[in-house]
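A.B. asks: heads up, no residue letters with this:
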């Protein structure tokens, strides 16, 4: 488990301390009306204030007192400059209020209002508020947020929901959705939080800042982020690096994965949803556990916030139903969750203990007769948990408080939980079973209870993924070219002149990527001489400037096996497209793949590997890698491609050198690291992967078009 013995003291000096754990707080727009945000915010801020010496100052000239605290007419009338100002006023009054707080020297604020004004002019109010906060150095939660609960320090900044049941625990939740924040926080006792932040529009303070703060708390066991976008890519990557160093898992639900959803994100909160492939690359580099649904997100946070991490091996399951067992096997296969491979000692022990009509195995259907079932199931859980290949043991049943049978099952798990250091849990197959109170009571006694078979299995898969992420070796990168070579290509790219195919092939070759030899020709006789030098058969390709996709215009002629064929092919290309051609030997037979560098507006240069030729468009089969990467990471991405089986040989075709392709990906990532800030895009398609290596047949390089964009995008230099 991670150690955070210094966490609390570090958080006390964190730059977000005035926002998240202020010594003094003013509530602008305080109210005596029950249920109003200005009343609720005062009550929330005042909870426990006396015990820690926190000063609470309601601001409203109408009142002398609000919720037991002396009220003041204005921020200038306060006895001190507050650390934090909570704004409980409408959007139309917000700019004046924030300006007054900034001028008074307040260090932080919380804005609940939407900050959108009808008939507003550019720059709009959110931009103006953001500028005020930046210029004055104010941290700011919101606007358009629900506030936050800092349960670690006992400070609540929220204008809603006085009936909330807040449970302390190890989850730090950061959300761009107020509804999601409220649903998760006002849940049953199984989920416990130390920090829960409704980030809203992030006018000044972003998810990256909140993550950094959470990582300084000694109570943080897992961070959950519900993201529309990342507004500070460099800070976000730094926070992920910090989480990796401190062994704190990050669970993410990234919204706007599709173009349609991205457009909704833009209208919902002004978010600019980035290319989701880029997020996948960042998440893969830093071991972020990505969820697709709220139930999966909640189950994963619940499992990862427990005191025990999964061990080596796979899942062991205990059931009291043959039908449920078959369902579990099918769903585990769908979700790619491996079962533990029980050893002979475990199987023998189960065989001796099971009723004669049952067979030992995993998952284990253990129900036959009711005689002594509690003692039997206790032994089953014990034997499965003790097996060396069991990482976690889960009872897949639907506990019902009125059932003596299920009460006994629960006691079995509690007994074995006290005997092992491995995690044990219950997964309810049907989440609507009437067992709400029992689930919470089991959680209070240390038993993790998950809702839904699929959601439980996905949480287990994520736990396994995080465990395996921790075992990845440090990056072992291919060497870069000599500094002079790199500088030569940087100078060439800075010219922003179009690259010829020959130059593109020379560029990738300088970074160690195999490329076909090539000869430039401007006449039929030159083409024939080049073909003789290269060795028949050869390919002729147009090299006329401005033609980027040669195949689309019939600019590639293959398999020319004698001088006459070359001369005829040259004349054809010359007549249709122009006199400049490239002559190359035919590449060996193999599997067509593609490589590339793409430019993401948030995370900078990224490396792509995918199916080659037209398959990349037909199947959308590609993986994106955050550079630099090594061959191990590249191989992991290649193994996730849909066309991956083709590399092993299909229908009698020989297998090809997947390791050589991984090496090419790694070397391209070095190129992206060295030159990516000057490259708009780079396509290597196809790359022929053959039994003895791989070779690039074509290379298209697009330099950055103008000087203003020839800089690294935020986060592009991530390690």
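C.D. replies: Perfect, I can see it now. Computed from a prediction, not measured in an experiment: that's the story for all the values here. Residues are numbered from 1 along each chain as shown.
A.B. asks: whichever strand or helix holds residue 541 packs against which elements?
C.D. replies: Following DSSP states H and E, one finds residue 541 within strand 538-542. Packing partners of strand 538-542 (3 or more CB pairs under 8 Å, 6 or more residues apart in numbering; DSSP states H and E): helix 524-534, strand 556-560, helix 563-576, strand 581-585. C-beta here means a position set from N, CA and C on the backbone, and glycine is covered the same way.
A.B. asks: can I get the ones you listed in a markdown table with distance to residue 157 and mean neighbour count?
C.D. replies: Listed next are those as a markdown table, based on distance: least, CB to CB, whole Å; neighbours: other CB atoms under 10 Å:
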| stretch | distance to residue 157 | mean neighbour count |
| --- | --- | --- |
| helix 524-534 | 72 | 19 |
| strand 556-560 | 64 | 17 |
| helix 563-576 | 70 | 17 |
| strand 581-585 | 65 | 24 |
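A.B. asks: state the three-state secondary structure for residue 599.
C.D. replies: The three-state label given to residue 599 by DSSP: H, G, I helix; E, B strand; the rest coil is strand.
A.B. asks: tell me the confidence at it?
C.D. replies: Predicted confidence (pLDDT) at residue 599: the value is 89.
A.B. asks: tell me the contacts of it?
C.D. replies: 605, 606, 676, 679, 680, 681, 713 (CB atoms under 8 Å, 6 or more residues apart in numbering).
A.B. asks: tell me the bridge partners for it.
C.D. replies: On the basis of DSSP bridges, residue 599 is bridged to residue 605.
A.B. asks: ok, back up a step: out of the helices and strands packed on strand 538-542, flag the one nearest residue 178.
C.D. replies: Counting by CB to CB, residue 178 lies closest to strand 556-560 out of these; the figure is 55.1 Å.
A.B. asks: surely residue 331 meets residue 453?
C.D. replies: Yes. Residue 331 sits in contact with residue 453 when judged by CB atoms under 8 Å, with a separation of 5.6 Å.
A.B. asks: the more surrounded of the two?
C.D. replies: Shown here are residue 331 and residue 453; by other CB atoms under 10 Å, residue 453 has more neighbours (22 against 17).
A.B. asks: check the gap between that one and residue 526 for me.
C.D. replies: The gap separating residue 453 from residue 526 is 69 Å, by CB to CB, to the nearest Å.
A.B. asks: average pLDDT for stretch 385-404?
C.D. replies: On average, stretch 385-404 scores 90.
A.B. asks: can you give the distance of the longest strand along the chain from its chain's centre?
C.D. replies: Ranked by residue count under DSSP state E, the longest strand found in the chain is strand 679-690. Centroid separation between strand 679-690 and its chain, computed with CA atoms, centre = their mean, to the nearest Å, is 26 Å.
A.B. asks: okay, buried residues for it please.
C.D. replies: Within strand 679-690, the residues that count as buried by 16 or more other CB atoms under 10 Å are 679, 680, 682, 683, 684, 685, 686, 687, 688, 689, 690.
A.B. asks: give me the beta-bridge partners of the third one?
C.D. replies: If I follow you right, that is residue 682. Beta-bridge partners, per DSSP bridges, of residue 682: residue 597, residue 701.
A.B. asks: low-confidence ranges, the protein, go.
C.D. replies: 1-10, 162-165, 257-274, 707-719 (pLDDT under 70).
A.B. asks: quick one, domains of it?
C.D. replies: When the chain is parsed with automatic domain parsing, its domains come out as 7-304, 314-469, 517-586, 591-709.
A.B. asks: which of the ones you listed sits closest to residue 485?
C.D. replies: The nearest among these, by CB to CB, is domain 591-709 at 9.5 Å.
A.B. asks: tell me which element the most centrally placed residue in the chain falls in.
C.D. replies: The chain has residue 283 as the residue nearest its centroid, 3.6 Å off, counting by CA atoms, centre = their mean. Residue 283 is part of helix 276-286 when elements are defined by DSSP H and E.
A.B. asks: same deal with residue 130?
C.D. replies: helix 125-136.
A.B. asks: what lies in contact with that helix?
C.D. replies: 91, 94-95, 98-99, 102, 109, 111, 115-117, 123, 138-140, 143, 201, 203-204, 270.
A.B. asks: next structured bit after that helix?
C.D. replies: strand 139-141.
A.B. asks: helices or strands up against the helix holding residue 283?
C.D. replies: Helix 276-286 is packed against helix 233-245, strand 250-254, strand 289-290, strand 604-611, strand 622-625, helix 631-638, with contacts defined by 3+ CB pairs under 8 Å, 6+ apart.
A.B. asks: before we move on, back to that, which of the buried residues of strand 679-690 lies closest to residue 612?
C.D. replies: Among the buried residues of strand 679-690, and counting by CB to CB, the member closest to residue 612 is residue 686, at 3.9 Å.
A.B. asks: the closest one and residue 698 touch, don't they?
C.D. replies: Yes. Counting by CB under 8 Å, residue 686 does reach residue 698; the two are 6.9 Å apart.
A.B. asks: now the strands: where do they sit in the stretch 301-450 of the chain?
C.D. replies: 314-319, 364-365, 390-396, 424-428, 448-451 (DSSP state E, counting those that start in this stretch).
A.B. asks: and what of the stretch 151-300 of the chain?
C.D. replies: 155-157, 168-175, 193-198, 222-227, 250-254, 289-290.
A.B. asks: mind putting the ones you listed into JSON lines with distance to residue 625 and mean neighbour count?
C.D. replies: Listed next are these as JSON lines, based on distance: least, CB to CB, whole Å; neighbours: other CB under 10 Å:
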{"stretch": "strand 155-157", "distance to residue 625": "40", "mean neighbour count": "24"}
{"stretch": "strand 168-175", "distance to residue 625": "26", "mean neighbour count": "24"}
{"stretch": "strand 193-198", "distance to residue 625": "31", "mean neighbour count": "26"}
{"stretch": "strand 222-227", "distance to residue 625": "21", "mean neighbour count": "26"}
{"stretch": "strand 250-254", "distance to residue 625": "17", "mean neighbour count": "24"}
{"stretch": "strand 289-290", "distance to residue 625": "16", "mean neighbour count": "22"}
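A.B. asks: output these in CSV; the columns should cover distance to residue 492.
C.D. replies: Formatted as CSV, the strands of the stretch 151-300 of the chain follow (distance: least, CB to CB, whole Å):
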stretch, distance to residue 492
strand 155-157, 54
strand 168-175, 43
strand 193-198, 47
strand 222-227, 38
strand 250-254, 37
strand 289-290, 38
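A.B. asks: among the ones you listed, which comes closest to residue 590?
C.D. replies: Judging the strands of the stretch 151-300 of the chain by CB to CB, what sits closest to residue 590 is strand 289-290, at 33.0 Å.
A.B. asks: what lies in contact with the closest one?
C.D. replies: Under CB under 8 Å, 6+ apart, the answer for strand 289-290 is 249-254, 279-280, 283, 300, 304, 462, 465-466.
A.B. asks: likewise stretch 579-590?
C.D. replies: So stretch 579-590 is contacted by 501-502, 516-523, 527, 530-531, 534-535, 537-545, 558-559, 566, 570, 573-574, 656, 688-692, 694-695, 697 (CB under 8 Å, 6+ apart).
A.B. asks: try stretch 178-187
C.D. replies: If you take CB under 8 Å, 6+ apart as the criterion, stretch 178-187 is touched by 144-146, 149, 160-161, 164-167, 173, 175, 191, 193, 196-198, 200, 226, 294, 298.
A.B. asks: hmm, back to that, for residue 208, find the nearest of the strands of the stretch 301-450 of the chain.
C.D. replies: strand 448-451 (29.5 Å).
A.B. asks: could you list the buried residues of the closest one?
C.D. replies: 448, 449, 450, 451.
A.B. asks: and if you look at stretch 380-389?
C.D. replies: For stretch 380-389, by 16+ other CB under 10 Å, it's 380, 381, 382, 383, 384, 385, 386, 387, 389.
A.B. asks: in a markdown table, list those along with distance to residue 338.
C.D. replies: Shown next, in a markdown table, are those (distance: CB to CB, whole Å):
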| residue | distance to residue 338 |
| --- | --- |
| 380 | 20 |
| 381 | 19 |
| 382 | 22 |
| 383 | 19 |
| 384 | 15 |
| 385 | 17 |
| 386 | 18 |
| 387 | 14 |
| 389 | 9 |
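A.B. asks: noted, bye for now.
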